[in-house]
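>>> This is a predicted model, with the sequence first.
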Amino acid sequence: MCRQLIILVACLFVVDAENSEFFMTKKVTYIKQDAVRNNYFSYSLLLQSGQTGASVIVGAPRSGNSIDGNGDVFKCSWNYNEEPTCYRSGIAFENGVQGNFFGGSLDGEDKLNGSVVICAPRSHVTSKLSSRLDKDYMRGFCIYARSSNFREYVNTNVFRGSSYTDISCCDSENNNFYNYGFAMGGFDVSFYSKEGTSQMFIGAPGAKSFTGITAVYALNQNPLAVLMPNIKLLNAGDACSYFGYSVATINPMPNSLAIWYLAGEPRGNDLKGKATLFSYNGRSTTNMLIIKNFYGEEVGSYFGASVLGLDVSGDGFVDIFVSAPMSKGQSWNEGAVYFYKGIKKSTDFHKPKQIHGLGGGGSLFGSAISSLGDFDLDGYNDIAISAPYEGNGAVYIYRGSPTDLKFSQRITPSQFNIGDSIKGFGLGLSRGNDIDQNGHNDIAIGAYKTEQVFIIRSRNIIDFDFTLKPSVQSIVINTRSFELTVSILCTKRSEHFDLSQINFNVYMDTIDSRLSTEKEIDTVSIPFRQVTYKNYTFEVKKNKEIVTNISPLEINVTLSVDEENVIANGLRTVLLEIPFLHGCGSDNVCNTGLSLQLKSEKNQLIVGQDTEIVMEVQIINEGDPAYKCELNIEVSSGIELRSSKSCFTNDTVYVCEVSNILNANEIEVNQYIFDIGRMDISIEEVVISVKVTSLGKNKDGFKNNDILKLPVRLVNLPFLISKSKPENTEIFKDNADESEIDFIHEFSVGKTGPSPLAVDLQISLPSPKYQNKDIFEVKDIKGTINMVDFSCTPTITAPSIDVNETDLLTVPLEKSIILSCNDNSNCVHYLCKDAIIENSRDLAVIQIKLSIRSSLLVQAFIQEFNSKDFVAFIPSAIQYHSEGSISASSVFLIFAQKVSHVPFWVYLVAAIIALMLLVILVWTLYKLHFFDRNYKDKLEQEKILQEDEEIAKEIYDHEVFTRFEGNRSQNL
């Protein structure tokens, strides 16, 4: 049967959801507010778009343009490809004093000039506590502008009226508490509009002594109606939980008018954080129907700092995102976002998955979460998550899918090619909105520390597919050329994409030296929704390789698009293989007769002595020619084939080229050398399995595989030494105190011979107890070899070790209490492994630090001590090796002595004798006039006179000698 044409699809994509840049970071619209510094321009953002242009509503909650440092709001408008122009709303001049943070939170409609809600959570209200004392409170306020041109707006009077007292009584401990005085209404706000119904959902984390509340205002009624102030019961344990720190409104199902509300509570749940998903029943002002509580896991992580509800899995059920921007991560404050996937036809959710950024400590990943809608038009909503303190800031783009979120892109200021400093990038984060009318949503990102806004547009996305069809199904010896037809189909995801066709680059990579083509690179214009065909001619080269190499001919065809604002999604590369017909019989199948035989000069391996295996492979072919003849070699673990030009590794198999053609009755003999230096010493047998293959079919009766087996031997002679430091100690058996006596016992393992020795030592230590307390306590046990530690772990396996009688020769048995593990009772056992003694110079030393509680020892053997004076503590060990085992033990001897009391009369007699000796000494000195001062002075004078006489005599002798020498000189 002829080999069939094979087309392989290589998994190389132009669009890779994990790393493609859907948003164009090299071409951004840049808005900078230079008039006033440090005003937090871009702290909050709302992107609006329409047929005539687009605008971004920008909050600047510390604007210096307004009275007393209150916040401000700007509207920046532009048409496509034009520079934006910004103007101030002017609203902030009429509200509050001393920094109301107006513009700290805002939300509204996505359409151009749509409704906007803007809040000032720090808005102050002055109340009189008495005739002489005024008190400033911070209730907060929000305004509702029916159009973002801000010509007409309504103050929503958040928490105004007699029912919203500043201070109330009483909490669970009967104390007054701040009710709405420091509510900070509008700390976060969510705008919701559907079928003529508009609502404003605000959080007030400072209400109820910072327990926090949320409230919903109907914006399409006049006056505005408070639908649901969530009045939580105030308990002492709820204080400072900040409920309403973040808020979001959710339409749980697309075809439903139901509304769910989501609120974060970052200091709730014992400071681990919490988020609550709830709805309300009718117009009740107290009835909150809790759907689901989401609980944080880490104290201080600020779980609930930002929240989002959005279906990203495309199943029609909402998914929940809750951020914990101060989650520790691998260092500190790295941040995390918890993703709760909704369960179909249920109000419950799967266990959360954590999403993390790539930054380090202090990144605060999850400070803002925003919906991008379905910006790539793949049927699944997408989100953006910011980490404003990851360097200068970063925004992560994630694409929805049926099973999970897929990381797509990381946007950082360094990608913008802008010379200005950029800091705090990502804290201001808009929803996705299509500002250039190409059908794909775009995004606005703020850098509040440097007062900048960046409008980043998404690329147009197209999908393509292509196929290859050659004019021949196979190649024969006399084939000179053939045609290859490339068919391409391209579609665009958005109908608003204004191009009717797009240019593709077609790359022909023949890979194979047997082929050539005149046009390796081509550009083809492809209209959308229409299959385009393009033909290319390939020539088959006439050379030696076309005869000897009969593997399939390979052609790689690659497509790409150079348009900067376009992402082409589809298979990038297709690999075509055209089979070569070699003519072995009418069926084009070569029936080979391959057989092989393995030989080695060794019949066994001695570890540590042998370093390599030399294997000879003899291959015989007694059938049709064997094309592309190869050996597949599998070896035991730790055996490595020495590098060879003809061999390569394929997973765990070595593939070695033998011959392009092994003709009938030919013999091929090759030699292969294997290194065994990394072989595990626990291996008992080395197995090398070899199989010879070719492109043909091997006939029955020919054995094309063989196995070489070599037994492995360990040749070594181990020894084991046991000793204690010190070798003995003493206690008083009738007066033992509570002190502990420390000593060390060592076992040393070594070996002679060429082979390594694996430490496999089992240690047994006597462990008598008194009143369930250990008399001998093991404080530490560890092994060391060549200054490298290895572990010794407790085990319940009790080895059978007999104490060597020679160890007891120095022990007076009839006077001793023997503590050993001969009967395995009252003993502890340790197993020391995972160490190899490579050569005879090395020692594995296991050191055991023990302490004796002498008082317990005396009490435990108080009866025995009536007739015995020694305790023999005998540790023992056994070392296993390939030929069996060896054991060793030694005695740590404890002398148990009695305290001997000296009679009182002995002390009395000794004192009398000492006194008498003192009297005799004094009397003798007196008789010698030692205490007579004049006599002493006389003795000193006599001593001086005697010294003077000696000096005079020396002078006289010197003068006589001098005269004698003078006379002698004259005579000479």
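Yep, it's here.
>>> Residue 257: how many residues sit nearby?
9 (other Cβ atoms under 10 Å). From N, CA and C alone the C-beta is placed, and that goes for glycine too.
>>> actually residue 27, sorry about that
Using other Cβ under 10 Å: residue 27 sits among 12 other residues.
>>> Torsion angles phi and psi at it?
phi -140, psi 80 (degrees, to the nearest 10).
>>> Next one, pLDDT for it please.
At residue 27, the pLDDT value in this model is 87.
>>> For the stretch 51-200 of the chain, which segments are assigned as strands?
With DSSP state E, counting those that start in this stretch as the criterion, the stretch 51-200 of the chain has strands at 53-60, 72-78, 85-88, 105-108, 116-120, 125-128, 134-137, 141-145, 153-155, 167-169, 176-178, 188-194, 197-204.
>>> by contact count, what packs against the last one?
For strand 197-204, the elements it packs on are strand 141-145, strand 188-194, strand 213-218, strand 246-250, strand 260-265, judged by 3 or more Cβ pairs under 8 Å, 6 or more residues apart in numbering; DSSP states H and E.
>>> One more pass at 7 Å, please.
strand 141-145, strand 188-194, strand 213-218, strand 246-250 (3 or more Cβ pairs under 7 Å, 6 or more residues apart in numbering; DSSP states H and E).
>>> For the helix or strand just after it, C-alpha coordinates in PDB please.
Moving toward the C-terminus from strand 197-204, the next helix or strand (DSSP states H and E) is helix 207-210. Taking C-alpha atoms only, helix 207-210 is exported to PDB below (Å, rounded to 0.1, in the frame of the first residue of the first chain):
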ATOM      1  CA  ALA A 207     -21.900  55.200  58.800                       C
ATOM      2  CA  LYS A 208     -22.900  53.500  62.100                       C
ATOM      3  CA  SER A 209     -19.400  54.100  63.700                       C
ATOM      4  CA  PHE A 210     -17.700  52.900  60.500                       C
END
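>>> can you give me the offset of helix 207-210 from its chain's centre?
39 Å (Cα atoms, centre = their mean, to the nearest Å).
>>> picking up where we left off before, turn the helices and strands packed on strand 197-204 into a markdown table, including mean pLDDT, distance to residue 309 and mean neighbour count.
Converted to a markdown table, the helices and strands packed on strand 197-204 look like this (pLDDT from 0 to 100; distance: least, Cβ to Cβ, whole Å; neighbours: other Cβ atoms under 10 Å):
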| stretch | mean pLDDT | distance to residue 309 | mean neighbour count |
| --- | --- | --- | --- |
| strand 141-145 | 91 | 21 | 24 |
| strand 188-194 | 93 | 10 | 21 |
| strand 213-218 | 88 | 14 | 23 |
| strand 246-250 | 96 | 4 | 25 |
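>>> For residue 633, which three-state class applies?
strand (DSSP: H, G, I helix; E, B strand; the rest coil).
>>> Start at 787, not 1
OK, 787 is where the count begins now, so the last one is residue 1419.
>>> Report the beta-bridge partners for the closest residue to it other than its chain neighbours.
Using Cβ to Cβ, 6 or more residues apart in numbering and skipping the chain neighbours, the partner closest in space to residue 1419 is residue 1440 (4.2 Å). Beta-bridge partners recorded for residue 1440 (DSSP bridges): residue 1419, residue 1435.
>>> what sits against residue 1440?
By Cβ atoms under 7 Å, 6 or more residues apart in numbering, residue 1440 lies in contact with 1419, 1427, 1433.
>>> Ok, residue 892 next?
Contacts of residue 892 by Cβ under 7 Å, 6+ apart are 830, 832, 843, 845, 859, 902, 903, 904, 905, 975.
>>> Report the contact partners of the fourth one.
Put plainly, it is residue 845. 829, 830, 857, 859, 889, 890, 892.
>>> if we can go back for a sec, columns distance to residue 1124 on top of the helices and strands packed on strand 983-990, output as CSV?
Listed next are those as CSV, based on distance: least, Cβ to Cβ, whole Å:
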stretch, distance to residue 1124
strand 927-931, 29
strand 974-980, 18
strand 999-1004, 20
strand 1032-1036, 13
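>>> closest one to residue 1258 among the ones you listed?
Closest of the helices and strands packed on strand 983-990 to residue 1258 is strand 1032-1036, at 60.4 Å (criterion: Cβ to Cβ).
>>> what does the closest one rub up against?
So strand 1032-1036 is contacted by 974-976, 978, 985, 987-989, 1000, 1045-1050, 1090-1095, 1104 (Cβ under 7 Å, 6+ apart).
>>> What's the local residue count around residue 1582?
7.
>>> how much space is there between it and residue 1529?
Counting by Cβ to Cβ, to the nearest Å, the gap from residue 1582 to residue 1529 is 26 Å.
>>> now do residue 1606
Distance from residue 1606 to residue 1529, by Cβ to Cβ: 17 Å.
>>> Over to residue 1541?
Residue 1541 is 35 Å from residue 1529, by Cβ to Cβ.
>>> before we move on, what about residue 1006?
88 Å.
>>> who has more neighbours, the two?
The residue with more neighbours, out of residue 1006 and residue 1529, is residue 1529; 19 against 14, by other Cβ under 10 Å.
>>> I figured the more buried one hits residue 1636, correct?
Yes - contact criterion Cβ atoms under 7 Å: residue 1529 and residue 1636 qualify, at 5.9 Å.
>>> what's the distance between residue 1441 and residue 1632?
46 Å.
>>> got it, and residue 1398?
Taking Cβ to Cβ, one finds residue 1398 at 35 Å from residue 1632.
>>> Looking at these two, which is more packed in?
residue 1632 (24 against 15).
>>> Tell me if the more buried one really is in a strand.
Yes - the assignment for residue 1632 is a strand, going by three-state DSSP.
>>> quick one, what contacts it?
Taking Cβ under 7 Å, 6+ apart as the test, what residue 1632 contacts is 1532, 1533, 1547, 1549, 1567, 1569, 1578, 1618.
>>> after the helix or strand where the fifth one lies, next one along is what?
Meaning residue 1567. Element membership for residue 1567 (DSSP H and E) is strand 1562-1571. Remark: after strand 1562-1571, the chain's next helix or strand is strand 1574-1576, criterion DSSP H and E.
>>> Report all helices and strands that that next one contacts.
strand 1562-1571.
>>> next one: the strand it packs on to chain centre, how far?
For strand 1562-1571, the distance to the chain centre is 34 Å (Cα atoms, centre = their mean).
>>> what does stretch 927-940 give?
48 Å.
>>> With that, I have no additional questions.
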